[in-house]
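Engineer: sequence and predicted model, in that order:
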Amino acid sequence: MKRRHPIAAVVVVLAAGLSFAASPARGLVSDVTVTPTQACDGPGVTLLVTVSGLVLGEEDRFVVLRDGLAVVASDYFPDANGNVILTNPGWPSFSTVVVNVFRGGSTTLLGTAGPFTLIDCSPSAQLTALVAQVQGLDVSAGIANSLDAKLSHIQDALDAAKSNSVGVACNSLNAFLNEVAAQAQSHMITAAQAAALTNAALSIKKALGC
């Protein structure tokens with residue numbers, strides 16, 4: 001029987017501007033590397049786990065331990081290079097995660113990563129990351145200052161104790177998105193820069209409930 005290929009429906013979500021990559025963990029039995037990467041998707045965390053070096057018979061059991069509760073993922077297969085990619089979006093920030101990979105049909109531990117703490121995907125944390133992202137752009141000072149000014153308005157809105165602060169923040173995010181689109185249209189920033197800024201802002205809007 002021909003071996004199945006990776007399921008096309010698995011979607012890798014790395015849209016937000018706040019991300020973290022844990023150090024790879026070497027396999028305990030075979031030459032397996034487990035590499036987890038985190039990103040924000042709204043208020044929740046997406047954990048992307050890449051497992052490299054699996055061979056036939058080692059791909060049938062993949063366990064993620066989150067705060068001591070096992071989450072089992074099954075029915076996935078390595079690609080041509082022996083890699084497996086799994087996403088579990090929506091986990092709460094600050095959960096402690098351990099990733100374990102077992103040989104199929106046994107309790108033999110092939111590789112592990114963690115424990116590590118999930119990143120903070122609160123609006124304020126994501127905004128801080130977006131400010132740093134804008135400040136790190138390799139563009140003219142005028143463009144960076146224009147984008148940063150809109151971020152300052154969002155920060156002011158988030159810090160305000162007024163009842164309409166979320167609405168102001170959402171409006172400021174929309175202004176920021178319009179500014180990014182305009183700068184991309186005029187080729188003042190690259191398409192990749194615009195996509196990264198847009199994805200980060202959309203994640204913040206989702207976290208705010210805009």
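Structural biologist: Arrived safely, thanks for sending.
Engineer: going forward, measure contacts and count neighbours with C-alpha atoms only.
Structural biologist: Fine.
Engineer: what residues are up against residue 148?
Structural biologist: 131, 134, 135 (Cα atoms under 8 Å, 6 or more residues apart in numbering).
Engineer: at 6 Å what do you get?
Structural biologist: Under the criterion of Cα atoms under 6 Å, 6 or more residues apart in numbering, residue 148 has no neighbours.
Engineer: okay, buried residues for the helix or strand harbouring it please.
Structural biologist: Using DSSP states H and E, residue 148 sits within helix 141-159. Using 16 or more other Cα atoms under 10 Å as the test for burial, helix 141-159 gives 143, 144, 147, 148, 150, 151, 153, 154, 155, 157, 158.
Engineer: centroid residue for the chain?
Structural biologist: Centroid-nearest residue in the chain: residue 39, 1.7 Å away (criterion: Cα atoms, centre = their mean).
Engineer: what is the rounded mean pLDDT of the helix or strand in which that residue is found?
Structural biologist: Assigned by DSSP H and E, residue 39 belongs to strand 33-41. The average pLDDT within strand 33-41 is 87.
Engineer: so what are the sheet partners of it and their directions?
Structural biologist: strand 19-21 (antiparallel), strand 25-26 (antiparallel), strand 44-52 (antiparallel) (DSSP bridges).
Engineer: run the chain-centre distance for it.
Structural biologist: In terms of Cα atoms, centre = their mean, to the nearest Å, the centre of strand 33-41 is set 7 Å apart from its chain centre.
Engineer: buried set for the longest helix seen in the chain?
Structural biologist: Counting by DSSP state H, the longest helix found in the chain is helix 165-185. Neighbour-count burial for helix 165-185, counted by 16+ other Cα under 10 Å, picks out 165-177, 179-181, 183-184.
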